[in-house]
Structure formats: C-alpha cells, structure tokens
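>>> After the sequence you'll find the predicted model.
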Amino acid sequence: STLFLRVLFIKSYLQAQHDPRPIALGALSSRLISLGYLGVGAAMGLSFDWMMLYVALQGLVMFGVMVALRPQWAALMRLRYFNTQRLKSTLRESSPVFAASALYFFYSQSDIVIMSRLMDAKSVGVYSAAIRLVPLATFIGFSLLATFYRELERRLAQDRANFEAFVRAVLALHFAAGLVLAIGSTLFAQIGRAHV
C-alpha cells in the first residue's frame, strides 16, 4: 500500500496538478473492493494473513485507477534524466522529514504503551481501537480542503471579496463537521463505557 500510494508518486503528482477526480474515484473504488474482499474473506473464514492482504489490494487498485485515468503520468519517468547528484542533494534536504516520518510510528503508539501499564488488556484494546478513529476524523478537513481547492484558487484570482465569502462557507462546513464528530464521539464514548 505504501509502495503504490507513496513511493510511486502519482497521487502527489495529481494533487500538485489540482486534479482530484482520479484520486477520489481511485479511493472510492479501492475501498469498496477492499471492503468486499474483507466481507468475502470473513464469510469464507480466511486466516489473518490472507485477510490483511486487503491493505495491499486497496493500494494496488487505487494506483491502477489513477494510472488508468491519467496514463500520461508514466511519461514523467525517463531514465535518461536521472541525476544521482540531484537525488543525493534532495535526500540530504529532506532527511529531517524522513526521520520525523520514521519516528511518527513509535510516537503515535506511545500512548497505547502508557495505557497498557495503567489498564487491563480489554480496556487497552477498546482504547486503541477508538484512538484509530482520530486520524480518520482529522482527514475530513484535508479532504474538504482538497475538494474546494480549485474553486478557492479560481475565486482568489477573480474577486477577493467573493473569495473571502467562499472561505467563510468552507470554514463553516469544517466547523459543522467537527461539531458533529465531537458530539458523536461524546455520545458513543458514553455508550462504549457502559458496555466495557
């Protein structure tokens, strides 16, 4: 999944081109197919190892859809333009980001390690499952911004007052989504606590 969605940089290329349609269609189709795979796998009683292939399947399908919709991306990769010195300088420049990304995995799991010292195994399991919802919820803001980015750019170039009104509307949408998520989390946390 990381290979197809991060190393092969078509998603970043499409974002830089302000071309969200292939990303959206790829994300939708790949996730539906992955969920279908999980459903069939659960019905067939597949092992954990086979079930975990849904992650690779999702990445492969999303990559395939994006490439199918924008095949000109492949023309960007030309070996004759490969420059080792440029690669080294870029790696030196971006090494702090690489290091921070590598450390993020350990940092993001540190609260679960702390909780495992304070609570029983069942409570830690419930906590770790719930905490995984936080990155999903924060992604809503990024997806809303990506959805309206082209329109924001167009309005900024045309009319400043119109742009600011549109920004206020997008911020109101962000706020409403955050409020719904906060209320939902609060209500379901009470229900979850009652069952634990």
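Sure, I can see it. Numbers count the residues shown, from 1 in each chain.
>>> Where does pLDDT dip in this structure?
Residues of the chain that meet the criterion pLDDT under 70 lie in 7, 189-196.
>>> Spatially central residue in it, please.
The residue lying closest to the centre of the chain (CA atoms, centre = their mean) is Phe139, at 6.4 Å.
>>> Give me the next element, helix or strand, following the host helix or strand of that residue.
Assessed by DSSP states H and E, Phe139 sits inside helix 133-158. Counting by DSSP H and E, the next helix or strand C-terminal to helix 133-158 is helix 160-195.
>>> Buried residues, that next one. List them.
Across helix 160-195, burial judged by 16 or more other CB atoms under 10 Å covers 163, 166, 170, 181. For glycine as for every other residue, the C-beta is placed from the backbone atoms N, C-alpha and C.
>>> now, which of those sits nearest Leu25?
Nearest to Leu25 among these: Val170, at 22.3 Å, using CB to CB.
>>> was I right about the closest one contacting Leu144?
Yes. Val170 sits in contact with Leu144 when judged by CB atoms under 8 Å, with a separation of 6.7 Å.
>>> what touches both of these two?
Among the neighbours of Val170, none is also in contact with Leu144 (CB atoms under 8 Å, 6 or more residues apart in numbering).
>>> ok, so what distance separates Phe48 from Ser108?
According to CB to CB, to the nearest Å, Phe48 stands 22 Å off from Ser108.
>>> out of these two, which sits in the busier spot?
Counted by other CB atoms under 10 Å, Phe48 and Ser108 do not tie: Ser108 has more neighbours, with 13 against 7.
>>> quick one on the thing from earlier: so the helix holding Phe139 versus helix 160-195, what angle?
170 degrees (axes from the mean of the first three to the mean of the last three CA atoms, to 10 degrees).
>>> list the buried ones in helix 133-158?
148, 155.
>>> So which other helices or strands are in contact with it?
Contact here means 3 or more CB pairs under 8 Å, 6 or more residues apart in numbering; DSSP states H and E; on that basis helix 133-158 packs against helix 20-44, helix 160-195.
>>> how about the shortest one: buried residues?
By neighbour count with 16+ other CB under 10 Å, helix 20-44 contains the buried residues 20, 22-23, 26-27, 30, 33-34, 37-38, 41.
>>> need those residues in CSV with distance to Met77, can you?
Below are the buried residues of helix 20-44 laid out as CSV (distance: CB to CB, whole Å):
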residue, distance to Met77
Pro20, 22
Pro22, 17
Ile23, 19
Gly26, 19
Ala27, 23
Ser30, 22
Ile33, 26
Ser34, 27
Tyr37, 30
Leu38, 33
Gly41, 34
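>>> from these, which is closest to Leu53?
Distances from Leu53 to the buried residues of helix 20-44, taken by CB to CB, are shortest for Tyr37, at 7.5 Å.
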